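> how would this look folded up:
(one chain, ligands or ions: 1)
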Amino acid sequence: MILTTQMHIDPSVIDLGVGQPQLALLPLQRIRRAAEARFAQGDPSFLQYGAEQGDGYLRQELAKFLSQGYGFPVDTEALFITNGASMGLDLVCTLFSQPGDAVFVEEPSYFLALRILADHRLRPVAISVDENGLIPEALEAELKRTRPAFLYTIPTFQNPSGYTLSQERRQCLAALSREYDFYIVADEVYHFLHYTAQPPRAFAGYTVEGNILSLGSFSKILAPGLRLGWIHTDAKRAKSFAHTGLLDSGGGMNPFTSALIRGMLESSEFDANLRELRQVYAARVAAMDSALRLYIPEAAYQTPQGGYFFWVRLPDGKDAEALMAQAEKYKVSFRPGVRFSSRGELRHYARLCFAYYEADQLIQGVERLKQALEA
Ligand SMILES: Cc1ncc(COP(=O)(O)O)c(C=O)c1O
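Below is the predicted model of the structure:
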């Protein structure tokens, strides 16, 4: 049994609920080479407390990578280094909310983000989505009733739905954030995991038009154990994150890892790894897609264009939690939709992840799911 802080995974079960990369996809050798190169330089400064806004060299390399990937210039000073998107969200909650405040979230939303909001005693208010992401009219209707501390959205290849917010809606949301004076916290951790076409312009590109805090992370495009990510906003706001008790006392986030990853960004290693990931995941999407069509043709879903997940409406309005008990007997599992609902709904949906298993196991997992559905 493999134990991790996020969950434990029984090897006899194909657990399509696991939202992590497969161990074999973690780039051990690339990171070993980056570490060896860094240590060989004989400069111990990365073992010192780090600059509060984050390692300046890493921010420089990251700004280059983002400028190229996003297709618009990214200012090094607009980046603040975090321990990952989770920590970024936690810091935003600390700085921009008071216990009891409303936070607008998508319905569905990432269940562990809902946990972070709960840690801060915040009150999620669900806003409806469709295949083009969060619905601006639904947001504006709620804004007329409630003033949120912020809106938390996952605009691209959403967890769990896989939906991507359209370009027009991004513009519309950015304008609303100015008009109604609230922050949009855009969790963009899946932005670079696209398997067909480039997604619409990242929310990070709307800091002039809107009040935007974009959360980025190396967890999905390199390795979650690095605990390295960033907040992308305007330079003034990025600086303000550095003036907090957490940073004053502990120094900038993760200077050690920052120094290794900076080297990977400078070399071709990082881009090569990302290209490989896209190829591997695209093949897994295809495998799971054909398995679903073959074994559970009545399931309704949109084939993901990126990210980690299939979001499936079960046939005959079946309740996903009830199916879990049956699925256990057939050694398969998944995440029931209700976990992603802040109002206890979405009971006939299941989230299936294609990142953790190889194609043959994904196919076997879907076949087992069909058996559970029929039982
Ligand atoms: C939408 C979303 N945000 C954040 C995270 C966690 O990111 P990090 O490892 O950078 O904290 C995940 C991981 O599953 C996720 O799906």
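
> The ligand contacts on this structure?
19, 84-86, 110, 154, 159, 187, 189, 217, 219, 224, 229 (Cβ under 6 Å from any ligand atom). Glycine gets a C-beta too; all of them are placed from N, C-alpha and C.

> now the residues you listed: which count as buried?
Applying 16 or more other Cβ atoms under 10 Å to the residues of the chain next to the ligand, the neighbour count classes 19, 84-86, 110, 154, 159, 187, 189, 217, 219, 224, 229 as buried.

> What segments of the stretch 151-300 of the chain are helices?
Remark: helices assigned in the stretch 151-300 of the chain by DSSP state H, counting those that start in this stretch are 167-179, 235-242, 245-250, 255-266, 269-295.

> wait, which of those is closest to S341?
Between S341 and the helices of the stretch 151-300 of the chain, the tightest spacing by Cβ to Cβ is seen for helix 167-179, at 21.2 Å.

> In the closest one, which of the residues would be classed as buried?
169-174, 176-177.

> What is the most widely separated pair among those?
Across those (Cβ to Cβ), the longest gap, 12.5 Å, separates R169 and S177.

> Show me the strands in the stretch 101-250 of the chain, by range?
Counting by DSSP state E, counting those that start in this stretch, the stretch 101-250 of the chain has strands at residues 102-107, 123-130, 133-134, 150-153, 183-187, 212-217, 229-232.

> list the contacts for D289?
The contact partners of D289, by Cβ atoms under 8 Å, 6 or more residues apart in numbering, come to 303, 310.

> Any figure for the gap between it and the ligand?
20 Å (Cβ to the nearest ligand atom, to the nearest Å).

> G100 now?
24 Å.

> what does R32 give?
Distance of R32 to the ligand, computed by Cβ to the nearest ligand atom: 21 Å.

> got the contact list for the nearest residue to V280 once chain neighbours are set aside?
Closest residue to V280 apart from its sequence neighbours, by Cβ to Cβ, 6 or more residues apart in numbering: L25 at 6.5 Å. By Cβ under 8 Å, 6+ apart, the contact list for L25 reads 277, 280, 355.

> just curious, which of those is nearest to the ligand?
The ligand has its nearest neighbour among those in A355, at 9.5 Å by Cβ to the nearest ligand atom.

> contacting residues for that closest one?
So A355 contacts 19-22, 25, 281, 284, 308 (Cβ under 8 Å, 6+ apart).

> hang on, it in a strand?
No: counting by DSSP: H, G, I helix; E, B strand; the rest coil, A355 falls outside a strand, being coil.

> In JSON lines, list the buried ones among the residues of the chain next to the ligand along with pLDDT.
What follows is these, written out as JSON lines (pLDDT from 0 to 100):
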{"residue": "G19", "pLDDT": "95"}
{"residue": "G84", "pLDDT": "98"}
{"residue": "A85", "pLDDT": "98"}
{"residue": "S86", "pLDDT": "98"}
{"residue": "Y110", "pLDDT": "96"}
{"residue": "I154", "pLDDT": "98"}
{"residue": "N159", "pLDDT": "97"}
{"residue": "D187", "pLDDT": "98"}
{"residue": "V189", "pLDDT": "98"}
{"residue": "S217", "pLDDT": "98"}
{"residue": "S219", "pLDDT": "98"}
{"residue": "P224", "pLDDT": "98"}
{"residue": "G229", "pLDDT": "98"}
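
> closest to D55 among those residues?
G229 (12.8 Å).

> Which residues are in contact with the residue nearest to the closest one when sequence neighbours are not counted?
Spatial nearest neighbour of G229, chain neighbours left out: S217 (3.6 Å); criterion: Cβ to Cβ, 6+ apart. The contact partners of S217, by Cβ under 8 Å, 6+ apart, come to 84-85, 88, 189, 228-230.

> can you tell me which two in the residues you listed are farthest apart?
V189 and L228 (11.9 Å).

> quick one: low-confidence ranges for the stretch 1-150 of the chain?
For the stretch 1-150 of the chain, the stretches with pLDDT under 70 are 1-8.

> residue ranges for the helices of it, please.
Secondary structure of the stretch 1-150 of the chain (DSSP H, counting those that start in this stretch): helices located at 28-40, 56-70, 85-96, 111-119, 136-145.

> How about the residue in this protein that sits furthest from its center?
G42 (35.4 Å; Cα atoms, centre = their mean).

> What helices and strands are in contact with the helix or strand containing A372?
Secondary structure from DSSP states H and E places A372 in helix 359-374. On a contact count with 3 or more Cβ pairs under 8 Å, 6 or more residues apart in numbering; DSSP states H and E, helix 359-374 meets strand 14-15, helix 269-295, helix 320-329, strand 332-333.

> hang on, isn't Y70 packed against R201?
Yes: with contact defined as Cβ atoms under 8 Å, Y70 reaches R201; the gap is 7.2 Å.

> Of these two, which one has the most company?
Neighbour count, other Cβ atoms under 10 Å: between Y70 and R201, Y70 has more, with 19 against 15.
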